[in-house]
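1. Dropping the sequence and predicted coords here.
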Amino acid sequence: MKLPRLTSSTARHPLLLTLLATMWLVTLPNMALWRQLAQLPEVTGLRGLLFGLGLALGIASLTHALLSLLNWRGLLKPVLTLFLLSAASGAYFMWSYGIVIDATMIVNVMQTDPREAGDLLNWRLLLSLVFLGILPAVWLWRQPVQPVAWTRRLWTNALAFAVSMAVLVISLLLIYQDFASVMRNHTQMRYLINPLNSFYAVGRVVAQPLERSHQTVEPIGQDARLALPASAQPATLIVVVGETARSGNFGVNGYERDTTPRLAREDIVSLRNVWSCGTSTAASLPCMFSHLGKEAYEKRKANHESLVDVLQHAGLAVLWVDNQSGCKGVCARVPNFSTAGLKVPEQCESGECHDEVMLHDLDQRIAQLPAERRAKGVVVFMHQMGSHGPAYHKRAPATFKRFMPECSSNALQECERQQVVNAYDNTIAYTDHFLGQTIDWLKKRPGPSAMVYLADHGESLGENNLYLHGLPYAIAPDVQKRVPWITWSSTSFVQQRGLQKNCLQDKQMSAISHDHFFHSVMGMAGVRSTEYKTELDIYSSCMKP
Ligand SMILES: [Zn+2]
């Protein structure tokens, strides 16, 4: 048998490579989009099929138009490789977890630490990377490309771009009626167009700093002061910033499972109708610590100091302890401590510490804060690892795993749904224990003390095939947005501030949001400044002067 010799006649024309890559990208790597389309009730039957074909043609033309601009010698193969690998990784997460890729998701990815990234690695991800991205890229690099003079290539590219744009316009015109209604009613669909969604989102993230001056942080609340009688005993306030806690999975909030036996024994008030600012840590955390509130925060033109700074300006001893991937900038200007690298026996296993570690040596850490500040009062922020997924099974020590069997894989879709819920509920049971230990710690402190616990966002646990969190706010299900807000206060705190717990209890079902957090924590800390708004302090109407 005679093997074909590699001659210039077997070399591929560059245009053929962009066409083949486009056809590949629009099919398998976009399966999440096609699955979603197939489930839409308004486009079914033959009309649905035609709509799908029209949309596929439109997406292919758009992708190909973009590739035509980048079809240059030396550039084509790297560009196509980038397209293939982006598409492969995006496809896995969209298909498996029902997420979409937008600017917030890109920020989340950029802020992920190696520990979190390790949680996401599994053989399914590797398999889809290999099959959807690496193998096609290997094939691509093995193809000899016909040398085409650059003038001729310029003409070919221009023509390919023009034809692609023409096909795009024609295909959209043909399906315009359905296209307009689907895009209006299901805005998330455009974040599924792979890999253009990733490129668009990265572009948005890069453009954002240009829209707002990122370097400077404008001070706020510099007039903050402690508004308590000089004779008042200094208080200790612990603010626990929860992670990925869904309100409905707390026993104290009426969940059918008793996930919170420890909190149920304490005299706490748990608010059940609280809504987060965003659906991810990167979106929620800076927003809840901002004085602006969700709406103004999202439109902000400048960056401001946070709640933590205002308490510091008031002269209090402020400390931030972090058992998460960082405080997203809100604690940058106050004493802060990360548990990363701690090796406390029994609390730190496999490179990660359970939340209780934040109470370890806390007395000593507070003692290191300036004495004149401590004399006014102490506020400690504790940022939990909480229920961070998908490796829920890593978040709770074995002794707290009461709901079995639990999913012990990070590929959640491999487990039965009930096992995913079990693993998640075990993390809530551990948070219950952690909050109980925090209350015990506070009870031993001299002077009045209180704890405020509020989570950053909720979580999807397989409802409608959605997992994790981070969907755009407008389309995210309520379970990603409804968060627990729990308050505990010591008897002497109640006496000092005239706090009426039954008044607070009456707000159990009142609509409350992260917008209230900034002002309510100021209220609990006894701090006032021009930024403080009484109407947004959920405690103020329940405190008798
Ligand atoms: Zn979070």
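-> Nice, thanks for sending it over. On a predicted model such as this, the values are computed, not experimentally measured, just so you know.

2. hey, let's count contacts and neighbours off CA atoms from now on
-> OK.

3. number of nearby residues for the nearest residue to residue 304 once chain neighbours are set aside?
-> Residue nearest to residue 304 in three dimensions, not counting chain neighbours: residue 218, with 4.5 Å by CA to CA, 6 or more residues apart in numbering. Counted by other CA atoms under 10 Å, the residues lying close to residue 218 total 10.

4. ok, now how distant is residue 236 from residue 468?
-> Residue 236 sits 34 Å away from residue 468, going by CA to CA, to the nearest Å.

5. The two - which one has more neighbours?
-> Using other CA under 10 Å, the more surrounded residue of residue 236 and residue 468 is residue 236, with 24 against 21.

6. Look up the residues forming beta bridges with the more buried one.
-> residue 378, residue 449 (DSSP bridges).

7. give the contact list for it.
-> By CA atoms under 8 Å, 6 or more residues apart in numbering, the contact set of residue 236 is 377, 378, 379, 380, 442, 445, 447, 448, 449, 450.

8. Just send the residues you listed back as a markdown table, with distance to the ion too.
-> Shown next, in a markdown table, are the contacts of residue 236 (distance: CA to the ion, whole Å):
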| residue | distance to the ion |
| --- | --- |
| 377 | 28 |
| 378 | 25 |
| 379 | 21 |
| 380 | 19 |
| 442 | 25 |
| 445 | 29 |
| 447 | 32 |
| 448 | 30 |
| 449 | 26 |
| 450 | 23 |
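
9. Widest-spaced pair of those?
-> Spatially, the most separated pair among those is 380 and 447, at 15.0 Å (CA to CA).

10. where exactly do the helices run in the stretch 251-400 of the chain?
-> Using DSSP state H, counting those that start in this stretch, the helices found in the stretch 251-400 of the chain span residues 261-264, 281-288, 293-298, 307-313, 362-367, 371-374.

11. measure whichever residue of the stretch 251-400 of the chain sits closest to the ion to residue 261 for me?
-> In the stretch 251-400 of the chain, the residue that lies nearest the ion is residue 281 (3.5 Å; CA to the ion). Distance, residue 281 to residue 261, by CA to CA: 27 Å.

12. okay, those two: which has more neighbours?
-> Taking neighbours as other CA under 10 Å, residue 281 and residue 261 compare with residue 281 leading, 26 against 16.

13. The closest residue to that one other than its chain neighbours: what's it in contact with?
-> In space, and not counting its chain neighbours, residue 281 is closest to residue 456: 6.1 Å by CA to CA, 6+ apart. Shown in contact with residue 456 (CA under 8 Å, 6+ apart): 241-245, 276-281, 284-285, 288, 483.

14. quick one, phi psi at the closest residue to the ion within the stretch 351-500 of the chain?
-> Nearest residue of the stretch 351-500 of the chain to the ion, counting by CA to the ion: residue 456, 5.4 Å away. Main-chain dihedrals, residue 456, degrees, to the nearest 10: phi -80, psi -30.

15. for residue 528, phi and psi?
-> phi -130, psi 150.

16. For it, list each beta-bridge partner.
-> residue 225.

17. any weak-confidence spans in the stretch 201-350 of the chain?
-> 209-215 (pLDDT under 70).

18. got the residues of it near the ion?
-> Counting by CA under 5 Å from the ion, the residues of the stretch 201-350 of the chain lying close to the ion are 243, 281.

19. Checking residue 62 next. Helix, strand or coil?
-> helix (DSSP: H, G, I helix; E, B strand; the rest coil).

20. surely it meets residue 164?
-> Yes: judged on CA atoms under 8 Å, residue 62 makes contact with residue 164 at a distance of 6.7 Å.

21. Cool, thanks, talk later.
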